[in-house]
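Trainee: Here you go, sequence then predicted model.
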Amino acid sequence: MAIMKEFREFAIKGNVVDLAVGVIIGGAFGQIVNSLVKDILMPPLGYITGGEKFSNYFINLSGGDYNTLQDAVAAGAVTINVGVFINNIITFLIVAWAVFLLVKGMNRLRRKEEAKPAEPASPPPPSKEEVLLTEIRDLLAQRNG
């Protein structure tokens with residue numbers, strides 16, 4: 001039962017929830033980046049390099065003649081998938097750049113937080129002598145005033 005109590009304390013602290021949110025957002029971000037690479041960046045690059053879908057650039061090692069990578073895979077041909085590899089490199093670079101910008105922004109906020117001047121501490125309470133002298137001054141002011 002002690003292990004269940006420890007697990008509940010761990011889960012309640014928020015670490016698990018923060019991690020789950022990060023994984024979910026990261027997965028969604030990965031899909032967006034994959035779509036950006038596959039649907040936006042690579043078609044013009046394929047057009048520039050010969051008008052073919054870029055992911056269809058492959059090296060066939062088994063000797064057959066296939067028009068697309070899907071045809072080669074369906075036939076069980078051994079291929080080196082150059083286009084898919086380049087797509088993955090571009091996807092990685094975009095994700096790495098986004099993470100770099102995120103970390104850079106967080107570091108900037110952290111530095112601003114650390115650079116804020118500390119609020120001045122409230123003045124210490126007056127000593128007994130100061131309180132006594134203040135009372136004497138006030139009494140003399142009342143008597144003379």
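Mentor: Looks like it arrived, so ask away.
Trainee: Past the helix ranked longest in the chain, which element shows up next along the chain?
Mentor: Longest helix of the chain, by residue count under DSSP state H: helix 82-115. Later in the chain than helix 82-115, the nearest helix or strand by DSSP states H and E is helix 128-144.
Trainee: can you give me how far the worst-scoring helix or strand of the chain on mean pLDDT is from the chain middle?
Mentor: Every helix and strand of the chain was ranked by mean pLDDT, DSSP states H and E. The lowest is helix 2-12, at a mean of 79. Using CA atoms, centre = their mean, to the nearest Å, the mean C-alpha position of helix 2-12 is found 27 Å from that of the whole chain.
Trainee: pLDDT below threshold where in this structure?
Mentor: Residue ranges of the chain with pLDDT under 70: 14-15, 118, 145.
Trainee: about what we covered before: identify the residues contacting the least confident helix or strand of the chain?
Mentor: 16-17 (CB atoms under 8 Å, 6 or more residues apart in numbering). In short, each C-beta sits where N, CA and C put it, glycine included.
Trainee: Same question for stretch 89-102.
Mentor: With CB under 8 Å, 6+ apart as the test, stretch 89-102 has contacts from 29-30, 33-34, 36-37, 41-42.
Trainee: Now which of those residues would you call buried?
Mentor: By neighbour count, with 16 or more other CB atoms under 10 Å, those hold 33, 37, 41-42 as buried.
Trainee: circling back: for whichever helix or strand comes after the least confident helix or strand of the chain, packing partners?
Mentor: Sequence order places helix 15-35 as the next helix or strand after helix 2-12, per DSSP H and E. In terms of contacts (3 or more CB pairs under 8 Å, 6 or more residues apart in numbering; DSSP states H and E), helix 15-35 is packed against helix 82-115.
Trainee: Off-centre distance for the helix it packs on?
Mentor: The answer for helix 82-115 is 7 Å, by CA atoms, centre = their mean.
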